[in-house]
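Colleague: Predicted model and sequence follow; I will ask about them next.
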Amino acid sequence: MKDGIFRRGVLPVSVALALFALTACGHFGDGDSSRPSAEPSGGRAAHVDPRSLAALRAVEKATEKAGSARVESTTSMGGMLALETGGLLGWAGESVGTLRITYTGGQLAETMRALGSTSMEARLLPDAYYAKVGDAFARRLHGRHWIRYAYDDLASLPGGSGAYLTDQLRNTAPLQPVRLLLAAGDVRRVGEETVRGRRTTHYSGTVTPASLTGGLREQLEQAGVTEETVDVWVDDHDLLVKKTERGELSSGRMSSTAYYRDYGTKISTTKPPAADTADFKDLMKTQGS
């Protein structure tokens with residue numbers, strides 16, 4: 001249990017993969033602590049089209065009300081990670097969801113491939129996040145294929161990173177791009193476009209940490225974001241159809257694209273079988289022993 005791959009492997013990486021996947025899906029920074037005010041920050045209000053601002057506020061309200069959606073996304077985070085994600089996310093009440101995450105490149109993907117895994121199923125439930133590992137790694141867990149990360153256990157990790165992870169995993173609404181544009185105060189209406197057969201209105205803006213305040217600014221700085229271009233496509237029901245984010249990280253270029261459909265879909269997410277599940281807290285105790 002104490003070999004190098006185990007210490008560097010699925011325990012930390014599977015949480016990182018889920019966080020990157022959810023970021024790509026568009027929920028990063030949606031916790032209450034980082035929710036922006038209605039007014040743009042950073043002294044850039046003169047660049048805001050009032051009609052665009054009003055439209056994005058309507059998107060925020062409609063998305064919160066919808067409660068769930070089917071999501072598919074691709075993302076690249078410099079040389080760290082490239083992945084594809086698909087699944088259902090729900091945010092009506094407590095956040096739940098099921099995602100299939102496929103690693104397509106980067107250092108974290110290589111770590112997972114060394115463990116015989118090229119994809120991962122992730123389940124988000126009100127009390128914990130579950131990650132499914134491949135057969136090769138399951139043999140290190142006495143044949144168990146799931147790792148349970150209780151949010152309370154993640155929150156207690158030293159350095160504050162666990163609390164940050166918990167906040168992100170507990171907030172799955174795909175509102176990040178909209179709230180970034182609202183907070184940054186730099187958004188314009190590009191025009192009407194058809195996206196996957198749906199009529200949409202396209203909005204675009206540029207975000208920098210200096211254009212934000214509070215939790216959003218801190219989160220972008222922690223992620224190493226120096227500048228980001230955010231585009232959203234909104235349908236006639238004020239719901240996101242597509243979003244893209246492109247920018248510079250301290251580790252290289254970042255880009256992500258996500259598509260949304262089937263808003264309001266009923267989600268049924270169940271816990272994996274207890275006999276096939278190992279607990280993160282117990283595994284960490286084992287490593288330390």
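Modeller: Looks like it came in fine.
Colleague: Okay, buried residues for stretch 104-118 please.
Modeller: Buried positions in stretch 104-118, judged by neighbour count with 16 or more other C-beta atoms under 10 Å: 106, 108-109, 111-112, 115, 117. Just so you know, the C-beta spots here come from the backbone N, C-alpha and C atoms, and that holds for glycine as well.
Colleague: what's the closest of those to V225?
Modeller: Checking those against V225 by C-beta to C-beta gives G106 as the nearest, at 17.3 Å.
Colleague: And the closest residue to S68 other than its chain neighbours, how far from A128?
Modeller: Ranked by C-beta to C-beta, 6 or more residues apart in numbering and with sequence neighbours excluded, the top spatial neighbour of S68 is G90, at 3.9 Å. From G90 across to A128, the span is 15 Å (C-beta to C-beta, to the nearest Å).
Colleague: and the two? which has more neighbours close in?
Modeller: G90 (23 against 20; other C-beta atoms under 10 Å).
Colleague: so what's the more buried one up against?
Modeller: Neighbouring residues of G90 by C-beta atoms under 8 Å, 6 or more residues apart in numbering: 67-68, 96-97, 172, 267, 269.
Colleague: Distance check, it against L125.
Modeller: G90 sits at a distance of 11 Å from L125 (criterion: C-beta to C-beta).
Colleague: now A184
Modeller: Look at A184 and L125: by C-beta to C-beta, they are 33 Å apart.
Colleague: ditto for V241
Modeller: Per C-beta to C-beta, V241 is found 28 Å from L125.
Colleague: and if you look at G185?
Modeller: 37 Å.
Colleague: Same drill for those two, tell me which one is more crowded.
Modeller: Ranked by neighbour count (other C-beta under 10 Å), G185 and L125 place G185 first, with 22 against 18.
Colleague: From what I see, that one and S211 are in contact.
Modeller: Yes: taking contacts as C-beta atoms under 8 Å, G185 lies within contact range of S211: 6.5 Å.
Colleague: Next, A55: secondary structure please.
Modeller: Secondary structure, DSSP: H, G, I helix; E, B strand; the rest coil: A55 is helix.
Colleague: correct me, but it touches W233?
Modeller: No: with contact defined as C-beta under 8 Å, A55 does not reach W233; the gap is 11.7 Å.
Colleague: who touches both of those two?
Modeller: Each of 201, 203 lies in contact with both A55 and W233 under the rule C-beta under 8 Å, 6+ apart.
Colleague: just the helices in this protein please.
Modeller: With helices called from DSSP state H, the chain shows them at 4-8, 10-25, 50-66, 107-114, 135-138, 151-155, 161-169, 176-184, 214-222, 280-288.
Colleague: now could you export just the CA positions of stretch 144-160 as CSV?
Modeller: Extracted as CSV, the C-alpha positions of stretch 144-160 are listed here (Å, rounded to 0.1, in the frame of the first residue of the first chain):
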residue,chain,number,x,y,z
ARG,A,144,-12.6,-2.8,-4.4
HIS,A,145,-13.3,-0.6,-7.4
TRP,A,146,-14.6,2.6,-5.8
ILE,A,147,-13.0,5.2,-3.5
ARG,A,148,-15.3,7.3,-1.4
TYR,A,149,-14.2,10.9,-0.5
ALA,A,150,-16.5,12.2,2.2
TYR,A,151,-16.7,16.0,1.9
ASP,A,152,-16.0,16.4,5.6
ASP,A,153,-12.8,14.4,5.3
LEU,A,154,-11.7,16.5,2.2
ALA,A,155,-12.5,19.7,4.0
SER,A,156,-10.2,18.8,6.9
LEU,A,157,-7.1,18.4,4.7
PRO,A,158,-4.3,20.8,5.6
GLY,A,159,-3.5,24.0,3.8
GLY,A,160,-7.1,25.0,2.9
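Colleague: Name the residues of it that are buried.
Modeller: Residues 144-149, 151, 153-155, 157 are the ones in stretch 144-160 that count as buried (16+ other C-beta under 10 Å).
Colleague: Most widely separated two among those residues?
Modeller: Maximum pairwise distance in these, criterion C-beta to C-beta, is 24.9 Å, between H145 and A155.
Colleague: about what we covered before: identify the bridge partners of the residue nearest to S68.
Modeller: Taking DSSP bridges as the rule, G90 bridges to S68, V96.
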